[in-house]
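Student: I need the structure of the sequence given here:
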Amino acid sequence: MAGDRAQMLAETLRRMRDIDAPNQLLGRSQTIGCVAVEITQRCNLDCTLCYLSEHSQQVRDLPLAEVYRRLDAVVSHYGPGTHVQITGGDPTLRKHRELLQIVRYADSIGLYPALFTNGIAANRTLLEKLAAAGLRDIAFHVDTTQRREGFASEGELNRLRREYIERARGLGLMVIFNTTVHAGNFDELPQLVRFFRDNAGVIGLVSFNLQAETGRGEWGGRKALINLYSVKAQIENAAGKALPWDAVRVGHSDCHSYLPTLVANGRIHPVVADAALVGAFLRDFPEVTARRYRNRTELILRSVWAVLRRPGWWPRTLRYAWERWRQLGGDLLRSRGRVHKLSFFVQNFMDAKQLDRGRVHACSFMVMTADGPVSMCEHNAKRDNYILKPIDVRHQDGRVEHFEPLVWRDQPRRQGR
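Tutor: Model (predicted):
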């Protein structure tokens, strides 16, 4: 697969050429950011900001054979090791037996599966089974757009977030929290960042997704207050310092910003602040960066070994180590060596009627459809074109099943579990 992966990286780099920068991960270390595979359209919430279709509750779950085919297509387009989101309306509404089969299959073909859920049906027993089946990440979407009864603010919702953290604790899963940012919770963002910081021992990544008008939600487009810069400023407010956003680039800079940090002694510190250093590392160590790793320890060990074999990099490495120690050392000593990784992601989704073709072309977040990968923003803008399209499903025994997605409202719907 080495030659195939090199070709895939080259193709991604060609797609990124209009926005390329030396510190751009896509095309150098990653063929794509992630790919979503939607396994159900049904949901058990009615959010004020929703990307689903008006028809979603009447759409049948894709047959398992078609889900498997789409997972295979992720590998053929982007290679093994690709991060795949098992998602949809809420994937836990699919029969749990089938959900486990899907995760197990994704893992068996070399993908890194993550479950994206609102958490309502993601109990401890299910998470244990999913972890055993090969699930890598669990992403909980919790925020005030969901109108959960008894929770009037993001601060109150922290009680629910703590419950979800405990459900996933100790299972070897990276815990992710997704938050939709809107005018009603914008002022609460620093408080929310501090909550994530204080639970960085379990939480590995948090994503702040800017309000966008895409599906059947009630609130429409966002106010001018909500933008990439204002949300990053709120995160810096909680951190108590300016942060080096986009020292590491992933995709289009108008779409999202990525910031890996370390948390020690209750303080947030960037992992790297020098974009030139990131670019030079990507250029000089393709044998390290252009491959996937099963854990951070393997990545760190291979990186250290690669640098040790390149004496020309020793001075630069020592400068980097000194700078990080100067920033982090005191807190590391005060925390007695306890340090946790916490990455921040700010996503600027586009409104359905304001798609920018350049951003769509350079998208790092794709959805695998019956006809191949499509940008997430474009998929959300034209969702009915994809989810209502009849398809022919080929099974392993050679049978071809004609699948009609839409069912009538008065027909009984399939239930989860």
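Student: what's in contact with the worst-scoring helix or strand of the chain on mean pLDDT?
Tutor: Least confident helix or strand, the chain: helix 286-289 with a mean of 80, by mean pLDDT, DSSP states H and E. By Cβ atoms under 8 Å, 6 or more residues apart in numbering, the surrounding residues in contact with helix 286-289 are 25, 28-29, 281-282, 299, 302-303, 306. (Glycine included, C-beta is placed from N, CA and C.)
Student: likewise stretch 84-91?
Tutor: Stretch 84-91 has contacts (Cβ under 8 Å, 6+ apart) with 34-45, 52, 56-57, 71, 74, 94, 99, 102-103, 106, 111-118, 120-121, 139.
Student: Can you tell me which of those residues are buried?
Tutor: Buried subset of the contacts of stretch 84-91 (neighbour count, 16 or more other Cβ atoms under 10 Å): 34-43, 52, 56, 71, 74, 94, 99, 102-103, 106, 111-118, 120-121, 139.
Student: Strands of this structure, start to end?
Tutor: Secondary structure of the chain (DSSP state E): strands at 34-40, 83-88, 112-117, 137-141, 174-181, 203-210, 256-264, 267-270, 340-347, 365-369, 372-375, 391-394, 400-403.
Student: now the second one against strand 34-40, angle please.
Tutor: Same thing as strand 83-88. Angle, strand 83-88 to strand 34-40, by axes from the mean of the first three to the mean of the last three Cα atoms, to 10 degrees: 30 degrees.
Student: mean confidence score for strand 83-88?
Tutor: Across strand 83-88, pLDDT averages out at 96.
Student: Mind listing the strands it pairs with, and their directions?
Tutor: On the basis of DSSP bridges, the sheet neighbours of strand 83-88 come out as strand 34-40 (parallel), strand 112-117 (parallel).
Student: Tell me which residues of stretch 355-367 come out buried.
Tutor: When neighbours are counted by 16+ other Cβ under 10 Å, the buried residues of stretch 355-367 are found to be 355, 359-360, 362-367.
Student: I'd like to know which of the residues you listed is nearest to Arg162.
Tutor: Using Cβ to Cβ, Phe365 comes nearest to Arg162 of these, at 28.4 Å.
Student: need the contact list for the spatially closest residue to the closest one that is not a sequence neighbour.
Tutor: Take Phe365 and drop its neighbours on the chain: the residue closest to it by Cβ to Cβ, 6 or more residues apart in numbering is Met376, 4.5 Å away. Contacts of Met376 were listed using Cβ under 8 Å, 6+ apart, and they are 36, 349, 363, 365-367.
Student: State the distance from Met376 to Ile203.
Tutor: 23 Å (Cβ to Cβ, to the nearest Å).
Student: just to revisit the earlier point, just the buried residues out of the contacts of helix 286-289, in ChimeraX syntax.
Tutor: The buried residues among the contacts of helix 286-289 can be selected in ChimeraX (16+ other Cβ under 10 Å) with this line:
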select :25,28,29,281,282,302,303,306
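Student: Low-confidence regions, the stretch 301-417 of the chain specifically.
Tutor: 408-417 (pLDDT under 70).
Student: List every C-alpha atom in the longest helix seen in the chain, with coordinates, as CSV.
Tutor: As assigned by DSSP state H, the longest helix anywhere in the chain is helix 314-334. Written as CSV, here are the backbone C-alpha positions of helix 314-334 (Å, rounded to 0.1, in the frame of the first residue of the first chain):
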residue,chain,number,x,y,z
TRP,A,314,19.7,18.5,16.6
PRO,A,315,20.1,22.3,17.2
ARG,A,316,16.5,23.0,16.0
THR,A,317,15.2,20.2,18.2
LEU,A,318,17.1,21.6,21.2
ARG,A,319,15.7,25.1,20.6
TYR,A,320,12.2,23.6,20.4
ALA,A,321,12.7,21.6,23.6
TRP,A,322,14.1,24.6,25.5
GLU,A,323,11.2,26.8,24.3
ARG,A,324,8.6,24.3,25.4
TRP,A,325,10.3,23.8,28.8
ARG,A,326,10.5,27.5,29.3
GLN,A,327,6.7,27.7,28.7
LEU,A,328,5.6,24.5,30.3
GLY,A,329,8.4,23.4,32.8
GLY,A,330,7.1,25.2,35.9
ASP,A,331,3.6,23.8,35.5
LEU,A,332,4.9,20.4,34.7
LEU,A,333,6.9,20.4,38.0
ARG,A,334,3.9,21.7,40.0
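Student: Near Thr145, how many other residues are there?
Tutor: By other Cβ atoms under 10 Å, the residues close to Thr145 number 22.
Student: measure it to Lys353 for me?
Tutor: To Lys353, Thr145 is 20 Å away according to Cβ to Cβ.
Student: same check, this time on Pro113
Tutor: According to Cβ to Cβ, Pro113 stands 33 Å off from Lys353.
Student: any chance you could map the helices in this structure?
Tutor: 2-15, 64-78, 96-108, 124-133, 154-168, 189-198, 228-239, 275-284, 286-289, 296-308, 314-334, 357-361, 376-381, 383-387.
Student: quick one, which of those helices is packed in tightest?
Tutor: Highest mean neighbour count of these: helix 376-381, a mean of 24 (counted as mean count of other Cβ atoms under 10 Å).
Student: Make CSV out of the strands paired with strand 83-88 and add distance to Gly79 and mean pLDDT.
Tutor: Output for those, formatted as CSV (distance: least, Cβ to Cβ, whole Å; pLDDT from 0 to 100):
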stretch, distance to Gly79, mean pLDDT
strand 34-40, 11, 98
strand 112-117, 11, 97
